[in-house]
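# Sequence first, then the predicted structure:
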Amino acid sequence: MAKGKKSVFFCQNCGYESSKWLGQCPGCREWNTFVEESVSGAGKGAAAKGISGTEGQTGKRNEPVRLSEIQVREEDRIKTNMEELDRVLGGGIVPGSMVLVGGDPGIGKSTLLLQVCRQLTLQQHKVLYISGEESLRQIKLRAKRIGEFNEHLYLLCETNLEIIRSTIERLKPEAVVIDSIQTMYNEEVSSAPGSVSQVRESTGILMQIAKGLGISVFIVGHVTKDGSVAGPRVLEHMVDTVLYFEGDRQLAYRILRGVKNRFGSTNEIGVFEMQEKGLEEVKNPSQAMLNGRPTDASGTTVVCSVEGTRPILIEIQALVTRTNFGLPRRTSVGIDYNRVNLLMAVLEKRAGLRLGDCDAYVNLAGGMKLGEPAIDLGIVLSIVSSYKNQVIDEGTLIFGEVGLSGEVRGVSMAETRVREAQKLGFTACIMPKTNVEGIQGKYKIKLIGVANIKEAMEYI
Ligand code: TYD
Ligand code: MG
């Protein structure tokens, strides 16, 4: 390394900075994520200046203004006409905001953003799509699958941020897509594209452009497991909105999840399905998730989880078999593994099931991931149903949190869940007793309140 340059170690996962190499990151507890990067004095530029960098652009000093004098109207938001996306964004794109779209490679980030470009250009907004990953021809081929585009979309294959900045300043688009931030580089920073200092610096420059010119910027960031390039977590605190695009690449469903949003609620999700012609919105996820559900099979239950404001019905499947080799095997897909183990321990202790010498496999159908405790009771009853090889009536919805002493605790938004079940033709609901009290008799659907797992098991 040349003299005069400082060399620093960065965690490629969360951006933690250290003067020496560390095996485990004190910030995010990941192992082997530290990489040496050289930072020159000038390199700190844009990132250090941060958002207030707008001052430098206009050359004026920012004067304080009264809060009441600032005009904000709801109609300032640009609707993308993709309802699933608009909801996650909190009602549309806020001009001048910066949105980070993260996700595994190949999950459909470029496709999603190209579709956003198409919707915006259809409304006569000028959009610039900058790709550092694909050639113009490749983008054209993708665009052909998605549909017709008009003349308001501009494409640029470029990774040099200085050129990108001058192009944006010349073209003055209303929205810019950067695909992906890991390919962009700034000449002032000596480390390689994709390293923490490059990614931070690039984002800082884009942030100045976004805030200074009032352009909405979408940034694509790849999530990386091996830590060879800096992941989107490094940038989460810099941008206004962070969306993660998740799902199983083998399955068609994709979930767009809001992780951070300065202009709306997080926890909202958007559901998409990858098809031949790009991503299709799934307006009724419950229906989609329950498609192809087996009938008359033991070990399956339907639970209701509320994601943001929206209830989604999902099938849980459990398979419990006798262990063949000494140690029992347990796996779970889409549900926290430790939670499943905990619930099995509760069943063993409080309901007297001998699960200690059983293998157990618990899956969430449709490639979804759920973390809400309200699905506990569904997991428990799936396991019991498979263990006893007895079927649960397929018209029954189950929800409720299970505590360590086997009690079934109340959950929030019980009424929303009951309503969704009724809408989809369910006939009964096994739910916490405390939740039944207020709404008994209000709905056609039969509400069965249970206080503990033993009571719930009687309905199998
Ligand atoms: P892509 O948007 O390139 O993913 P990312 O930018 O997140 O890396 O999408 C990749 C996958 O999507 C690819 O395997 C092909 C599939 N795909 C479809 O199934 N239908 C389509 O219309 C398009 C454009 C892509
Ligand atoms: Mg891509």
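Received it, and whenever you're ready, just let me know what you need. Residues are numbered from 1 along each chain as shown. Ligands and ions are numbered 1, 2, ... in the order given.

# could I get stretch 146-162 in PDB with only the CA atoms?
What follows is stretch 146-162, C-alpha atoms only, in PDB (Å, rounded to 0.1, in the frame of the first residue of the first chain):
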ATOM      1  CA  ILE A 146     -42.500  -6.900 -19.800                       C
ATOM      2  CA  GLY A 147     -44.400  -4.900 -22.400                       C
ATOM      3  CA  GLU A 148     -44.500  -1.700 -24.500                       C
ATOM      4  CA  PHE A 149     -42.300   1.200 -23.400                       C
ATOM      5  CA  ASN A 150     -42.600   4.800 -24.700                       C
ATOM      6  CA  GLU A 151     -40.000   7.400 -25.400                       C
ATOM      7  CA  HIS A 152     -39.800   8.800 -21.800                       C
ATOM      8  CA  LEU A 153     -37.500   6.100 -20.600                       C
ATOM      9  CA  TYR A 154     -33.700   6.700 -21.000                       C
ATOM     10  CA  LEU A 155     -31.100   4.000 -20.600                       C
ATOM     11  CA  LEU A 156     -27.500   4.400 -19.600                       C
ATOM     12  CA  CYS A 157     -24.800   1.700 -19.100                       C
ATOM     13  CA  GLU A 158     -22.300   3.400 -16.900                       C
ATOM     14  CA  THR A 159     -20.500   2.800 -13.600                       C
ATOM     15  CA  ASN A 160     -18.500   6.000 -13.200                       C
ATOM     16  CA  LEU A 161     -20.400   8.300 -10.800                       C
ATOM     17  CA  GLU A 162     -19.000  11.500 -12.200                       C
END
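
# Just give the closest residue to residue 187, not the sequence neighbours.
Excluding its sequence neighbours, the residue lying closest to residue 187 (Cβ to Cβ, 6 or more residues apart in numbering) is residue 162, at 6.7 Å. Heads up, the C-betas are built off the backbone N, CA and C, glycines and all.

# these two touch, right, the one you found and residue 186?
Yes. Using Cβ atoms under 8 Å, residue 162 makes contact with residue 186 at a distance of 7.4 Å.

# Compare these two and say which one has the larger neighbour count.
residue 186 (25 against 13; other Cβ atoms under 10 Å).

# Could you report the pLDDT at the more buried one?
Per-residue pLDDT puts residue 186 at 90.

# Also residue 200?
89.

# Run a quick neighbour tally on it.
Neighbours of residue 200 under the rule other Cβ under 10 Å: 24.

# and the residue nearest to residue 187, what element?
According to DSSP states H and E, residue 162 maps onto helix 161-171.

# first vs last residue of stretch 450-460, how far apart are they?
13 Å (Cα to Cα, to the nearest Å).

# residues contacting the residue found closest to residue 307 once you drop the neighbours it is linked to in the chain?
Distances taken as Cβ to Cβ, 6+ apart place residue 269 nearest to residue 307, at 4.5 Å, with adjacent residues excluded. When contacts are counted by Cβ atoms under 8 Å, 6 or more residues apart in numbering, residue 269 touches 88, 255-258, 307-308, 310.

# Please list which of those also come close to ligand 1.
Counting by Cβ under 6 Å from any ligand atom, nothing from the contacts of residue 269 sits close to ligand 1.

# any idea which of those residues is closest to residue 148?
residue 256 (23.9 Å; Cβ to Cβ).

# Just the pLDDT for that closest one.
Looking at residue 256, its pLDDT is 91.

# wait, it sits on residue 242?
No. Residue 256 is beyond contact range of residue 242, at 11.2 Å (criterion: Cβ under 8 Å).
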